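Fold the following, please.
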Amino acid sequence: MDSNKPKLVYTKSWGRRRTMKHTVNIGVIGLGSRGSTLIGSPFMIHPDVSIIAVCDVYEDRVSDAAAAVEAETGRRPLETTDFRELLAVDAIDAVLVCTAWESHVHIALAAMEAGKYVGLEVGGAYSVKECWDLIDTYERTKVPVMLMENCCYGRNELMVLNMVEQGVFGEIVHCAGGYHHDLRPEIAFGQENRHYRLRNYANRNCENYPTHELGPIARILGIHHGNRMLTLTSTASKARGLSEYAAQRKPDDQALRQTAFLQGDIVTTVITCANGETIVLTLDTTLPRYYSRGLQVRGTKGMYSEESDSIFLDQEHADMEFGWKGGNAGEYREEYEHPIWQRYIEEGVKEGHDGMDWLVFSDFIRCVQHGTQTSIDVYDTAAWMCISTLSEESIALGGHPVTIPDFTNGAWITNDRRFCS
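Okay, the predicted model is just below:
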């Protein structure tokens, strides 16, 4: 028996719990673009992490990842193309799931059954049932899952959250955000790059990537902490961007040019909340554009807009209503910088999506070390991921309202656990 393996004990609050463990042994499942990037930065240099196993269905990805770990650490991890073999390794404390969207939940459930903490990379669900499967498996096994939504740790997002919690914007009425990212090259060359987005855009029409924008908004609105999402409606534009791109950039790829993509170029989803707020999410990934997450927060005393990098406050800026140029958000950092980023800047910001990757993975590792519940828990994971399949249903019904399940079974009313500290 591994003497470095902490003994499992049971607690009233979170169920199965580990004693404090310094080094966390990680298994990485999925070694495409995201998985290989993470191995090369946040995990490889984290002082409390040891990557002891890597897995992908493609042998070359496994070999390349193992070689990268060996070159950095001097130790070659277990290599496998079967995630079940990885999960059978007793020494592994936690797994990071970076596979294609379709397999996220299936692998997460198996990992929970094996007693491994799950760091689940972002993506949308394919059915409400698989979201309930996450909840049911967690409540039976008490093995935590954390959706690795790095945007919840963004500098701007956390500053705005801090301002909201201090009442700077008054009572929040409405939030908006989007995944505005030109992904045409990634999708169109999906066959060559073995990337799952291509088959998803060919066969689904939905808000397929909701959590980058929804995660921070859910924190701002206190979702599952005195508030919850009730209903959504979703509509999609026609799909033209990918077909035109394929005709221009891959004229000899007859299979791609003949693909009738189902995924609309612009998908708009409107969510209503129990406390009366509305949320607008926009998926915009197959037309020419600049990158943006488009966060907007509207309250009774003011607003924040990522697009104009601005904070507009009642009384203070009212005389500039028609001459507003924005760009003043940075002026509020000294007073409202979130404590997480204050410490982060002092310690030195690491690479990975402007530093967000380091924060989300460090938080996950901290939870594993202490055997505590994750900061973005299984209930958040299910609620945020279900937006994809519910939007698919609403679009198919011509924008008909769809009910969002209460995955907490009423616990949102009294749950006051706050995100971040």
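
In terms of helices and strands, where is F361?
Following DSSP states H and E, the helix or strand that holds F361 is helix 356-370.

Mind exporting the C-alpha coordinates of that helix to PDB?
The C-alpha trace of helix 356-370 is given here as PDB (Å, rounded to 0.1, in the frame of the first residue of the first chain):
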ATOM      1  CA  MET A 356      -6.600  32.300 -15.500                       C
ATOM      2  CA  ASP A 357      -5.400  28.800 -16.100                       C
ATOM      3  CA  TRP A 358      -3.000  28.800 -13.200                       C
ATOM      4  CA  LEU A 359      -5.700  30.100 -10.800                       C
ATOM      5  CA  VAL A 360      -8.400  27.600 -11.700                       C
ATOM      6  CA  PHE A 361      -5.900  24.600 -11.600                       C
ATOM      7  CA  SER A 362      -4.300  25.800  -8.400                       C
ATOM      8  CA  ASP A 363      -7.800  26.100  -6.800                       C
ATOM      9  CA  PHE A 364      -8.600  22.500  -8.000                       C
ATOM     10  CA  ILE A 365      -5.300  21.200  -6.600                       C
ATOM     11  CA  ARG A 366      -5.900  23.000  -3.300                       C
ATOM     12  CA  CYS A 367      -9.300  21.200  -3.000                       C
ATOM     13  CA  VAL A 368      -7.800  17.800  -3.700                       C
ATOM     14  CA  GLN A 369      -5.000  18.400  -1.200                       C
ATOM     15  CA  HIS A 370      -7.400  19.300   1.600                       C
END
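
can you give me how far it is from the chain middle?
Put simply, helix 356-370 sits 14 Å off its chain's centre (C-alpha atoms, centre = their mean, to the nearest Å).

List the buried residues of that helix.
Using 16 or more other C-beta atoms under 10 Å as the test for burial, helix 356-370 gives 356-365, 367-369. All C-beta spots, glycine's among them, are computed from the backbone N, C-alpha and C.

which among the residues you listed gets closest to D253?
Nearest to D253 among those: D357, at 33.1 Å, using C-beta to C-beta.

Do me a favour and get the end-to-end distance for stretch 288-296?
Stretch 288-296 has an end-to-end distance of 22 Å (criterion: C-alpha to C-alpha, to the nearest Å).

circling back to that earlier point, rebuild the buried residues of helix 356-370 as TSV, extending it with pLDDT and distance to G27.
Converted to TSV, the buried residues of helix 356-370 look like this (pLDDT from 0 to 100; distance: C-beta to C-beta, whole Å):
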residue	pLDDT	distance to G27
M356	93	23
D357	92	18
W358	92	20
L359	94	22
V360	95	18
F361	94	14
S362	93	18
D363	95	19
F364	96	13
I365	95	14
C367	96	16
V368	96	12
Q369	95	16
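
Nearest to F407 among those?
Closest approach to F407 among these (C-beta to C-beta): C367, at 19.6 Å.

Against M148, how distant is the closest one?
Look at C367 and M148: by C-beta to C-beta, to the nearest Å, they are 12 Å apart.

Next, work out how far apart the residue positioned nearest the centre of the chain and K129 are.
Geometric centre of the chain, nearest residue: E149, 2.8 Å, by C-alpha atoms, centre = their mean. According to C-beta to C-beta, E149 stands 22 Å off from K129.

What of F312?
Counting by C-beta to C-beta, the gap from F312 to K129 is 43 Å.

Looking at those two, which has the bigger crowd around it?
Per other C-beta atoms under 10 Å, whichever of F312 and K129 has more neighbours is F312, with 19 against 12.

Am I right that the more buried one sits in a helix?
No. Read with DSSP: H, G, I helix; E, B strand; the rest coil, F312 is strand and lies in no helix.

Can you check what pLDDT the model gives it?
Note on F312: pLDDT of 94.

Kindly report the same for the one 10 residues further on.
Here, the pLDDT recorded for F322 equals 85.

try S3
So S3 comes in at 35 (pLDDT).

Please shift the residue numbers so they start at 3 in all later answers.
OK, 3 is where the count begins now, so the last one is S5.

Need the mean per-residue confidence for stretch 383-402.
Average pLDDT, stretch 383-402: 98.
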